[in-house]
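Asker: pasting a predicted model and its sequence here:
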Amino acid sequence: DTGVSQNPRHKITKRGQNVTFRCDPISEHNRLYWYRQTLGQGPEFLTYFQNEAQLEKSRLLSDRFSAERPKGSFSTLEIQRTEQGDSAMYLCASSLALDLIYFGEGSWLTVV
Amino acid sequence: QKEVEQDPGPLSVPEGAIVSLNCTYSNSAFQYFMWYRQYSRKGPELLMYTYSSGNKEDGRFTAQVDKSSKYISLFIRDSQPSDSATYLCAMRGSGGSNYKLTFGKGTLLTVNP
């Protein structure tokens, strides 16, 4: 039984570079979410996919952020022209219905 | 005022103690409530999911919801050192953006052997 898989687990990048994170949800889960968590805070909602459709994008997601979920399977979260304020853990979650939402281990981003 | 308030602790208890973790919320639209456990540098792990006011028990964990007071609790009986983690409450509504979870800041718990 595989859970939500995220790669890479850690990424250190220089300011101004682009980074991409990948999420593989639990098999057959049609709903996929991205959250961001900074130190000492709870996760904050970024975006939501139902199958391949992106149904909501938080105002936290500036134009430098883009997420995709081609064919309703895996998802990618790209951050362009990274800034130090982007340093955080990016969490992916998936669910079949709205009740039981399972998170991955997260992808840590450090922008130097 | 934040929608969900959670005392960040830290909370330190001896092994075997009963632990009480709490959250309050202001948005009456929240209808579904969850507790997640998060170990250091790991993703949140779903512990409990509740809807109705009242108690729900699962092993050593009991989740309690009081919608009239907008107050939820998680009780851990016979706490173990392996319970040392950050506990996050989360909640969502039943309409509109009902897929969006709103989290508390988390309470850091340490259980001392």
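Answerer: Here it is on my side, so go on.
Asker: now the closest residue to B:Tyr71 other than its chain neighbours, which residues is it bridged with?
Answerer: Leaving aside its chain neighbours, B:Tyr71 sits nearest to B:Thr24 (5.3 Å; criterion: CB to CB, 6 or more residues apart in numbering or on different chains). To be clear about C-beta, it is placed using only N, CA and C from the backbone, and glycine gets the same treatment. Beta-bridge partners recorded for B:Thr24 (DSSP bridges): B:Glu5, B:Tyr71.
Asker: and A:Leu91, how far from B:Arg77?
Answerer: For A:Leu91, the distance to B:Arg77 (CB to CB, to the nearest Å) stands at 29 Å.
Asker: the two: which has the busier surroundings?
Answerer: A:Leu91 (25 against 13; other CB atoms under 10 Å in any protein chain shown).
Asker: so where's the chain uncertain?
Answerer: No chain specified, so I'll use chain A. A:1 (pLDDT under 70).
Asker: that was the other one, I meant chain B.
Answerer: In chain B, residues with pLDDT under 70: B:96-97.
Asker: residue contacts, whichever residue of chain B sits closest to chain A?
Answerer: In chain B, the residue found nearest to chain A is B:Phe103; the distance is 3.0 Å by CB to the nearest CB. Residues near B:Phe103 by CB atoms under 8 Å, 6 or more residues apart in numbering or on different chains: A:Gly42, A:Pro43, A:Glu44, B:Val4, B:Tyr36, B:Leu88, B:Cys89, B:Ala90.
Asker: quick one: residues contacting the residue nearest to B:Tyr71.
Answerer: Contacts of B:Thr24 by CB under 8 Å, 6+ apart are B:Val4, B:Glu5, B:Ser69, B:Lys70, B:Tyr71, B:Ile72.
Asker: surely A:Gln6 touches A:Ser107?
Answerer: Yes. The pair A:Gln6 / A:Ser107 is scored as a contact, 5.0 Å apart, by CB atoms under 8 Å.
Asker: overlap in contacts of those two?
Answerer: In contact with both A:Gln6 and A:Ser107: A:Phe21, A:Tyr90, A:Leu91, A:Cys92, using CB under 8 Å, 6+ apart.
Asker: among those, which are located in strands?
Answerer: A:Phe21, A:Tyr90, A:Leu91, A:Cys92 (DSSP state E).
Asker: out of those, who's the most crowded?
Answerer: Top of those by neighbour count (other CB under 10 Å): A:Cys92, with 29 neighbours.
Asker: just to check, that one is in contact with A:His29?
Answerer: No. Taking contacts as CB under 8 Å, A:Cys92 lies outside contact range of A:His29: 10.8 Å.
Asker: how many residues are close by the residue in chain A that chain B sits nearest to?
Answerer: Of all residues in chain A, A:Gly42 sits closest to chain B, at 3.0 Å by CB to the nearest CB. When neighbours are defined as other CB under 10 Å, A:Gly42 has 24 of them.
Asker: understood, closing this out.
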